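J.: Based on what follows, work out the 3D shape:
(chains A and B)
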Number of protein chains: 2
Amino acid sequence: MIALDAMGGDFAPAVAVEGAINAARRGISIGLFGPQAILEPMLTSIDVQWRSLPITLIHCSQAIGMAEEPGRSVLKKTDASLVRAVQAVAQGHATAVVSAGNSGAALVAGTLILGRVEGVARPAFGDFLPTCKGSVFCLDLGANTDCKPEYLEQFALMGYCYAKQMKGIAHPRVALLSNGAEPYKGSSAVKEAYARLAHLPINFVGNIESRDVLDDHADVVVCDGFAGNVMLKAMQGSARTMMSWLKQEAAKSWWRKLALLSAAPLLKELKSRVDYANRGGALLLGVNHPLLVAHGCSSALAIERSLIIAHEVVQQQRLVAFNRSLQQLIGKSTTKAVAPLLDETKERELS
Amino acid sequence: MIALDAMGGDFAPAVAVEGAINAARRGISIGLFGPQAILEPMLTSIDVQWRSLPITLIHCSQAIGMAEEPGRSVLKKTDASLVRAVQAVAQGHATAVVSAGNSGAALVAGTLILGRVEGVARPAFGDFLPTCKGSVFCLDLGANTDCKPEYLEQFALMGYCYAKQMKGIAHPRVALLSNGAEPYKGSSAVKEAYARLAHLPINFVGNIESRDVLDDHADVVVCDGFAGNVMLKAMQGSARTMMSWLKQEAAKSWWRKLALLSAAPLLKELKSRVDYANRGGALLLGVNHPLLVAHGCSSALAIERSLIIAHEVVQQQRLVAFNRSLQQLIGKSTTKAVAPLLDETKERELS
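T.: Residues are numbered from 1 along each chain as shown, chains lettered A, B, ... in the order given. I've put the predicted structure just below:
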């Protein structure tokens, strides 16, 4: 059973309910976590026969909002849909968890409740971004806003391991996101990470600029969660802006409208390629069980896709295999990172 | 006279020479800094009559490469075209300087030779990015990779001042780049900067995600040089990737080719809007004289545009007025930032 936090995301619970029904129709068993009084009528309105689908409704009285402070909300709201969904996985009632909600809260719940893989200092959100030739695995996309060089070093090991396993590449090219390709470029943490990555038993190809990330220069791009998030959302935003510019320009004359209309199928394909509202979620790497966080503005399709990805991760035992090889690689690598369970600031907030 | 570093950039000195000739034909007086033996034949090959144009050739025997370490190269290569061009401004022989070369070296030369405006802790690269409704002024785009919260605070003052003066907006909306719109989102430096910005005598509108930067939510976006650079280049990269996807898709069938062909004028306009190779340079704010850094891959057109911008900045005494109001605003703001002249790491390297 895949546990779905029905109350997470900008369009929750409507898109979660619809996504759950569509995934369940594909035969995926879903545990839907949220307030029964809201979810039950919603399920019925979409499909009166929903009880014949593999959907289990698990009542929770609380929800964590998108703007709530992550650490505090996870600790205080013990009956929140997210917390209960993650607990279900830790307790063995579910095999993976999906949420489109507060990603900080998902990170805290994942780290505390699912537990970190032995040797891992910080779990990280990783996802494949489409490139001109295939895809590139980027991490961290938002879990750790302040990163020590040793965290970046571990992200490199995680990304290397994951790309190797998922894409079957013998020696994935690992690059470090920086403000220039030269080794001396970067923040002080990135510069120190560069030196560390150069000594790892991986295929480190040096610094990469965000401009070149989608250009097949690397299979894995390593960054801290702040820069990764800025990069990802800048790509999404400029794609959206380009589309709206095209429409603006097209509105200026009838022949432009006609031109745009004729290119519409092409542009539609492009849009579907970059549209984050319909993408499946990012996996939290470095924890013991699969946790996928979908975009806050996820559509029902994105939720359905995230559930399918989670189902595949479980079916193919991907995370089990990945965690095993990651542990070995961390064991082999000379530098060992020691880190507190959470950010110092988060710890202060929690205490 | 505008001093142009002829040896800076990926396509130097050819594009610099061509850009200089085109700007000089517009009546802008240019000081071209570089090796005479190389530049003279180049000038002649483009225009045998170049001596009748307002171009002065100033011989320099050295050049700073794109991959050279900034601090060291500026201090050691005293006859480098960049260093000499900046010195010409400091000594009053030129009124502004333009370079498409090593931006780190330009920052060091600008800070050391032109001098910081009184009260400014760190100069920053700022530029207007085109949005759906006009433009947004972003800083820092790459000068300071490690930023203390007080630097971000000053960037907010700089941006506010600059947007006010350049765009004539009474109270420019200033936003802080973060990984989420919520006040608790961000790296520790960004979170602290948020609290500081909220107390400044400016129109602070809170955090902004990179996705929304081009969407007219703010007139000024404040960020550290690492995140700003990642954001800017991610936007450029995804625009380029979208164009190449369109071409790939179009190549798949004749009707798609036809569709793309009919939309070509539209796409061409879009391309010119996002094409950084043809954009003018970013201004270094916080120093006493105008210094523009153009993109490393600048075309002759970008160099020409940078020279025109520099000329306008001088003619309209923009920097003089800006520096005056910035000093007043910094004087008024309660927190005073004290900072070393350069990064600690740079200082170590130099010593």
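
J.: Please identify the buried residues of stretch A:115-133?
T.: Within stretch A:115-133, the residues scored as buried using 16 or more other C-beta atoms under 10 Å in any protein chain shown are A:115-117, A:119-129, A:131. Heads up, the C-betas are built off the backbone N, CA and C, glycines and all.

J.: centre of the chain versus it, how much separation?
T.: From the chain centre to the centre of stretch A:115-133 is a distance of 8 Å (C-alpha atoms, centre = their mean, to the nearest Å).

J.: Can you narrow the buried residues of stretch A:115-133 down to the ones near chain B?
T.: For chain B, the contacts drawn from the buried residues of stretch A:115-133 by C-beta under 8 Å from any C-beta of the partner chain are A:Thr131.

J.: Just the ones in strands from the buried residues of stretch A:115-133, please.
T.: Those of these mapping onto strands are A:Ala124, A:Phe125, A:Gly126, A:Asp127, A:Phe128, A:Leu129, per DSSP state E.

J.: Going by distance to chain B, which of these wins?
T.: Using C-beta to the nearest C-beta, A:Leu129 comes nearest to chain B of these, at 9.6 Å.

J.: Which of the buried residues of stretch A:115-133 sits closest to A:Asn179?
T.: Set against A:Asn179, the nearest of those by C-beta to C-beta is A:Leu129 (19.1 Å).

J.: The residue of the stretch 251-351 of chain A found nearest chain B: neighbour count?
T.: Per C-beta to the nearest C-beta, A:Ala263 is where the stretch 251-351 of chain A lies closest to chain B, at 3.8 Å. Other residues lying near A:Ala263 total 26 when counted by other C-beta atoms under 10 Å in any protein chain shown.

J.: residues contacting the spatially closest residue to it that is not a sequence neighbour?
T.: Nearest residue to A:Ala263, sequence neighbours excluded (C-beta to C-beta, 6 or more residues apart in numbering or on different chains): B:Ala263, at 3.8 Å. Residues near B:Ala263 by C-beta atoms under 8 Å, 6 or more residues apart in numbering or on different chains: A:Ala259, A:Leu260, A:Ser262, A:Ala263, A:Leu266.

J.: out of these, who has the most neighbours?
T.: Among the contacts of B:Ala263, A:Ala263 has the most neighbours (other C-beta under 10 Å), with 26 neighbours.

J.: just the helices in chain A please.
T.: Per DSSP state H, chain A carries helices over the ranges A:14-25, A:36-46, A:70-76, A:81-90, A:103-109, A:149-167, A:188-198, A:225-250, A:254-262, A:264-274, A:300-315, A:318-332, A:344-350.

J.: and the ones you listed, which one is worst for confidence?
T.: In terms of mean pLDDT, the lowest-scoring of the helices of chain A is helix A:344-350 (a mean of 48).

J.: Surely A:Ile308 is in contact with A:Leu292?
T.: No. Counting by C-beta atoms under 8 Å, A:Leu292 is not a contact partner of A:Ile308; they are 10.3 Å apart.

J.: Need the overlap of contacts for these two.
T.: Shared contacts of A:Ile308 and A:Leu292 (C-beta under 8 Å, 6+ apart): A:Gly280.

J.: between the two, which one's more packed in?
T.: Each of A:Ile308 and A:Leu292 has its neighbours counted (other C-beta under 10 Å); A:Leu292 has more, 25 against 18.

J.: Run a quick neighbour tally on the closest residue to the more buried one other than its chain neighbours.
T.: The spatial neighbour of A:Leu292 that comes closest, neighbours along the chain excluded (C-beta to C-beta, 6+ apart), is A:Gly281 at 3.7 Å. A:Gly281: 25 surrounding residues under other C-beta under 10 Å.

J.: The one 5 residues further on now?
T.: A total of 29 residues lie near A:Gly286 under the criterion other C-beta under 10 Å.

J.: That one - nearest residue in space that isn't next to it in sequence?
T.: A:Pro123 (3.5 Å).

J.: Relative to chain B, how far out is the one you found?
T.: Applying C-beta to the nearest C-beta, to the nearest Å, the value for A:Pro123 to chain B is 16 Å.

J.: Pull the contacting residues for that residue.
T.: Contacts for A:Pro123 (C-beta under 8 Å, 6+ apart) come out as A:Leu107, A:Gly110, A:Thr111, A:Arg116, A:Ala143, A:Leu284, A:Leu285, A:Gly286, A:Val287.

J.: Can you tell me which of the helices of chain A is most buried?
T.: Comparing the helices of chain A by mean neighbour count (mean count of other C-beta atoms under 10 Å in any protein chain shown), helix A:103-109 comes out on top with a mean of 30.

J.: helices and strands around that one, which ones?
T.: Helix A:103-109 sits against helix A:70-76, helix A:81-90, strand A:291-293, with contacts defined as 3 or more C-beta pairs under 8 Å, 6 or more residues apart in numbering or on different chains; DSSP states H and E.
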